[in-house]
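A.B. asks: give me a model of this one.
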Amino acid sequence: MRCLVVLAHPLSDSLCCHLAEETIKHMEDKGHQVTVKDLYKEGFDPVLTKVERGSYYKDQFDVSRLKDDITQLEETESLVLIFPTWWFSFPAILKGWFDRVWAPGYAYDHASDLGAITPCLLNLKELKVVTTLGAPWWVDLFVLRRPVNKVLKYALLGACTKNCRFKMLSLYSSESLTQEKVSDFIKKIKAAF
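C.D. replies: Numbering: from 1, shown residues only. Coordinates of the predicted model:
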């Protein structure tokens, strides 16, 4: 499968980057065609421009600064997102990637009456997520009700894809892990991927 791994962590020696390295190596060993998009390393600009936002409801979304990114997403069959969950949400750079690259006319189409949008990312067969959280599992599940999971599964995939498989692996209490727990989580990644 054509796989795009999107990494969103500013520190190259972070736990997320370690998990990304292990995930990428495993996927390549399985024979996937893997492209890595390290948002921080490439200096991706997460700010939706005035021109881009102004073109959201026009005949054509302004892709002048995003064409390669949008084409990359359109051609992806398997999308892997690897990021830390901060304040029970996405890093700003990843949210900006969604805002700018999952664009009208490419990820979805607006209805003529501005009703429900129509999905366009029909090539995307699966989304797999690896995320770290400083909080324990019960806070994410019972207190916040898994907000990141909901946005990915229902807002992005629900609106922009059809029949796209979804798998999310969350490593909780990530600031106080033993090497054994990290190794066990990497085994879970390998089993799921």
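
A.B. asks: for the closest residue in space to Gln72 that isn't next to it in sequence, give me phi and psi.
C.D. replies: Setting aside the residues directly before and after it, Gln72 is nearest to Leu4 in space (C-beta to C-beta, 6 or more residues apart in numbering), at 6.2 Å. (C-beta placed from N, C-alpha, C; glycine too.) Dihedral angles of Leu4 (phi, psi; degrees, to the nearest 10) stand at phi -110, psi 120.

A.B. asks: now do the contacts for Leu4.
C.D. replies: Listed by C-beta atoms under 8 Å, 6 or more residues apart in numbering, the contact partners of Leu4 are Val34, Thr35, Lys37, Gln72, Leu73, Thr76, Ser78, Leu79, Val80.

A.B. asks: what pairs with it across the strands?
C.D. replies: Here Leu4 sits in beta bridges with Thr35, Leu79, going by DSSP bridges.

A.B. asks: what about Asp69, neighbour count?
C.D. replies: 19 (other C-beta atoms under 10 Å).

A.B. asks: use 55 as the first number from now on
C.D. replies: Right, with 55 as the first residue, what we last looked at is Asp123.

A.B. asks: pLDDT at it, what is it?
C.D. replies: Predicted confidence (pLDDT) for Asp123: 98.

A.B. asks: distance of the spatially most central residue of the chain from Leu93?
C.D. replies: The centroid of the chain falls nearest to Leu135 when counting by C-alpha atoms, centre = their mean (3.7 Å). Using C-beta to C-beta, to the nearest Å, Leu135 is found at 10 Å from Leu93.

A.B. asks: what sits in contact with each of those two?
C.D. replies: In terms of C-beta under 8 Å, 6+ apart, Leu135 and Leu93 are both contacted by the residues Val60, Ala62, Leu148.

A.B. asks: which of those fall in strands?
C.D. replies: Val60 (DSSP state E).

A.B. asks: can I get the shared contacts of Leu135 and Leu93 in JSON lines with pLDDT?
C.D. replies: As requested, those are exported to JSON lines (pLDDT from 0 to 100):
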{"residue": "Val60", "pLDDT": "98"}
{"residue": "Ala62", "pLDDT": "98"}
{"residue": "Leu148", "pLDDT": "98"}
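
A.B. asks: roughly how far apart are the residue nearest to Gln126 and Leu223?
C.D. replies: Remark: distance between Leu58 and Leu223 (C-beta to C-beta) = 17 Å.

A.B. asks: what pLDDT does the residue of the chain positioned farthest from its centre get?
C.D. replies: Distance to the chain centre peaks in the chain at Asp167, reaching 29.2 Å (criterion: C-alpha atoms, centre = their mean). Note for Asp167: predicted pLDDT of 87.
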